[in-house]
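Participant: Would you be able to build a 3D model of this:
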Amino acid sequence: MLRTRTNPELFGRGAETAGRTSLLLRSFEVWLLIAVAESLHGTLREALIAPRIGDFRARQIAVFSGSAIIIGIAFLFRKWINARSMSESLEAGAFWVVLTLAFEIGLGRLVMGLPWDRILSDYDIVRGGLMPIGLVIMLLAPAIAARLSAGSFMPHDNADAL
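Facilitator: Residues are numbered from 1 along each chain as shown. Next up is the predicted model:
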């Protein structure tokens, strides 16, 4: 019998677990690159844009430029991440969102000493915080990257494939 990670009923959960672990590890490694790129992006925002238009407006604009950076990185590393279905792409994107929230809160509170109201202001859409939009784009970035490259998914399950 042929072993595949997409047919666990034939081979038990070992192949499925190994594939998931590999996906999460690779997703984590790409997220580290995203974190570095977004940190540089934030530094440039603070130095070049915020002094001209204000901190909050600069953070709003940065959600969209940062989203483009994330989609670009997801596109460049889409084959290496090896998400083979929509659900795996969403799993990678959801993992990035969780890591990003932990990083943002940890950096904001523990390193920069920001108050909760400042951190949460980025997530308050009613008051102009646009981070939820950025997080949705991050969630979808691996799937968007796969769509942009058309055909990077192998349709193992028609209901799950892009």
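
Participant: buried residues in stretch 54-63?
Facilitator: 58-60, 62-63 (16 or more other Cβ atoms under 10 Å). In this view, the C-beta of every residue, glycine as well, is placed from N, C-alpha and C.

Participant: again with stretch 103-112
Facilitator: 104, 108.

Participant: What of stretch 72-91?
Facilitator: Buried residues in stretch 72-91 (16+ other Cβ under 10 Å): 73-75, 77-78, 81, 83-86, 88-89, 91.

Participant: Rounded mean pLDDT for that stretch, please.
Facilitator: Mean per-residue pLDDT for stretch 72-91: 94.

Participant: so what's residue 92 closest to, chain neighbours aside?
Facilitator: Distance criterion Cβ to Cβ, 6 or more residues apart in numbering; nearest residue to residue 92, sequence neighbours excluded, is residue 27 at 4.1 Å.

Participant: and the one you found, what helix or strand is that in?
Facilitator: helix 14-44 (DSSP states H and E).

Participant: Extract the C-alpha set from the following helix or strand past that helix and format it as PDB.
Facilitator: Using DSSP H and E, the next helix or strand after helix 14-44 towards the C-terminus is helix 50-53. Only the C-alpha atoms of helix 50-53 are listed here, as PDB (Å, rounded to 0.1, in the frame of the first residue of the first chain):
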ATOM      1  CA  ALA A  50       4.400  58.800  12.000                       C
ATOM      2  CA  PRO A  51       6.200  62.100  12.400                       C
ATOM      3  CA  ARG A  52       4.400  63.400   9.300                       C
ATOM      4  CA  ILE A  53       0.800  62.100   9.800                       C
END
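
Participant: what's the angle from the helix or strand following helix 50-53 to helix 14-44?
Facilitator: Note on helix 50-53: by DSSP H and E, the next helix or strand toward the C-terminus is helix 55-76. Using axes from the mean of the first three to the mean of the last three Cα atoms, to 10 degrees, one finds that helix 55-76 and helix 14-44 are set 140 degrees apart in direction.
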